[in-house]
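J.: here is my input, please return the structure:
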Amino acid sequence: MQQIGFLLYPGFQIMSLAAVSAFEFANLELEEKVYEIRYLSENGGPIANSLGMMMETEAFGDPELDTLIVAGAPGIRLPNAAEADFIRAALPAARRLASICTGAFFLAEAGILDGRRATTHWYVSRELQSRYPKIKMEEDRIFIIDGSIWTSAGMTAGLDLALAMVEKDHGFEVARAVSRKLVVYHRRAGGQSQFSALLELEPKSDRIQKALAHARSNLKSALSVEELAEAAHLSPRQFSRAFRAETGQSPAKAVENLRLEAARLMMEQGRHPIDIVARETGFADRERMRRAFLRAFGQPPQAIRRAAVQEQQI
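T.: The predicted structure follows:
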C-alpha cells in the first residue's frame, strides 16, 4: 500500500483536496486499497481551511511516505521552519514530492526547486520566478515532472497531477477508467495560457476596454495598431503606450492571444476545416496558425482537435 501524505496548514485551499479523488477512485477501480491518504500538519489536530471548515490532521512524524503533496492556498504563503524542515526531510525519504498550485512556494522556500523545472498558478508564476531565480520556470504547463519532484498549476491541475501519478503507478487503463468515473479529462491538452490569455487582459480605462471589445468582435480584420487606436479614440503612439501600461502586453501579442482563444475553441468544439478556422480567427493561413499554436500550446491544431475528440469518446 502506498501512503499519500497531504501537507496542510491553516488557510489551505479546500480545492487542493480534489486530487484525493483520483487516489480514492483508483482504489475502487482496482478493488484494493493501493493508496492510503494521510493528512499532515505541524502540530496535528483540526486545521481550518480557507473557508473555515475544519480538517482533522496528524502531526508531522516519520516522513517516509511514498508521496508527499503540499496543498495550495488562495494566495502566496510560505512555510514556517517546521514545515520547511519536514519537506526537506521528505525529499530523500519519499518517492515523490509534489505541490498543488501555490504550494510550489513551500517547495521553493525549502530549496527543493533550485535548478529544477517547475510550474505554479499562472497568476503568481512570475512572482515565484522573481523570488527564486534558480527555478527553471515553465508557467504555461498544467503540471511538470522533474525527477521525483512534481508541480502543478492551478487548483484543478492538482487533479491532473494525481491522475498522472495513478497512471505512473498502475498504468494507462486504470488512470483512464478513473478519469471517466470522475468525468474529467484523462490528459488535458494545452497549457495554462488557454485559461489565462483573456484573464490577463484587464485594462482599467474605458478606451482600452473598447479597443479589446472591438478586437474580440473583429478577429477576421487585420487589427492593426492604427485600427485599435481608432477604436480607442487615441493616436497610435498613445494607444500603444497606454495598452502596454494597462495590460503588460503589446497590442500584437494580445490580439494573437485572442485569436488563439477563438481558434482553439473552434478546433475543440467544431469540425470546421483548419483553413476555415484560420481565416475566421484572423490567422490568414493554416501555417501561421500552426506556428502560433506551437508557441502557445506546444501542440499543432490537429493535436488539439484529436485530444478533444478522444476525450468526448471517453
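J.: verify the stated contact: residue 275 with residue 286.
T.: Yes. The pair residue 275 / residue 286 is scored as a contact, 5.4 Å apart, by C-beta atoms under 8 Å. In this view, the C-beta of every residue, glycine as well, is placed from N, C-alpha and C.
J.: which one's more surrounded, the two?
T.: residue 286 (18 against 12; other C-beta atoms under 10 Å).
J.: how about the more buried one, what does it touch?
T.: 274-275, 278, 301 (C-beta atoms under 8 Å, 6 or more residues apart in numbering).
J.: could you work out the most separated pair of those residues?
T.: 275 and 301 (10.7 Å; C-beta to C-beta).
J.: any idea how far residue 110 lies from residue 77?
T.: Distance of residue 110 to residue 77, given as C-beta to C-beta, to the nearest Å: 13 Å.
J.: list buried residues within the contacts of residue 286.
T.: Neighbour-count burial (16 or more other C-beta atoms under 10 Å) is assigned, among those, to 274, 278, 301.
J.: now do the phi/psi pair for the second one.
T.: This points to residue 278. Backbone torsions of residue 278, given as degrees, to the nearest 10, read phi -60, psi -40.
J.: the residue nearest to it when sequence neighbours are not counted: how many residues sit nearby?
T.: Spatial nearest neighbour of residue 278, chain neighbours left out: residue 289 (4.3 Å); criterion: C-beta to C-beta, 6 or more residues apart in numbering. Per other C-beta under 10 Å, the neighbour tally for residue 289 reads 24.
J.: doesn't residue 289 belong to a strand?
T.: No. Secondary structure of residue 289 (DSSP: H, G, I helix; E, B strand; the rest coil): helix, not part of a strand.
J.: next, the contact list for it, please.
T.: 259, 263, 274, 277-278, 281, 283, 301 are the contacts of residue 289 under C-beta under 8 Å, 6+ apart.
J.: ok, it to residue 212 distance?
T.: Taking C-beta to C-beta, one finds residue 289 at 21 Å from residue 212.
J.: quick one, strands of the protein?
T.: Secondary structure of the chain, counting by DSSP state E: strands at 2-7, 35-41, 45-48, 54-59, 67-70, 96-99, 117-118, 136-137, 143-146, 149-152.
J.: residues contacting the fifth one, please?
T.: Identification of contacts with strand 67-70 by C-beta under 8 Å, 6+ apart yields 2-7, 19, 40, 87, 90, 94-100, 103-104, 106-107, 158, 162, 165.
J.: give me the buried entries from these.
T.: Of these, these count as buried by 16+ other C-beta under 10 Å: 2, 4-7, 19, 40, 87, 90, 94, 96-100, 103-104, 106-107, 158, 162, 165.
J.: what is the burial count for the nearest residue in space to residue 177 that is not next to it in sequence?
T.: Nearest in space to residue 177, with sequence neighbours left out and distances taken as C-beta to C-beta, 6+ apart, is residue 29 at 5.1 Å. Residue 29: 19 surrounding residues under other C-beta under 10 Å.
J.: and residue 29, what is it in contact with?
T.: 174, 177-178, 181.
J.: the same query, at a cut-off of 6 Å, please.
T.: 174, 177-178 (C-beta atoms under 6 Å, 6 or more residues apart in numbering).
J.: ok, now residue 151?
T.: 99, 104, 118-119, 144.
J.: got any ranges where the stretch 151-300 of the chain has weak pLDDT?
T.: 185-202 (pLDDT under 70).
J.: let's go with 50 and repeat that
T.: 194, 198 (pLDDT under 50).
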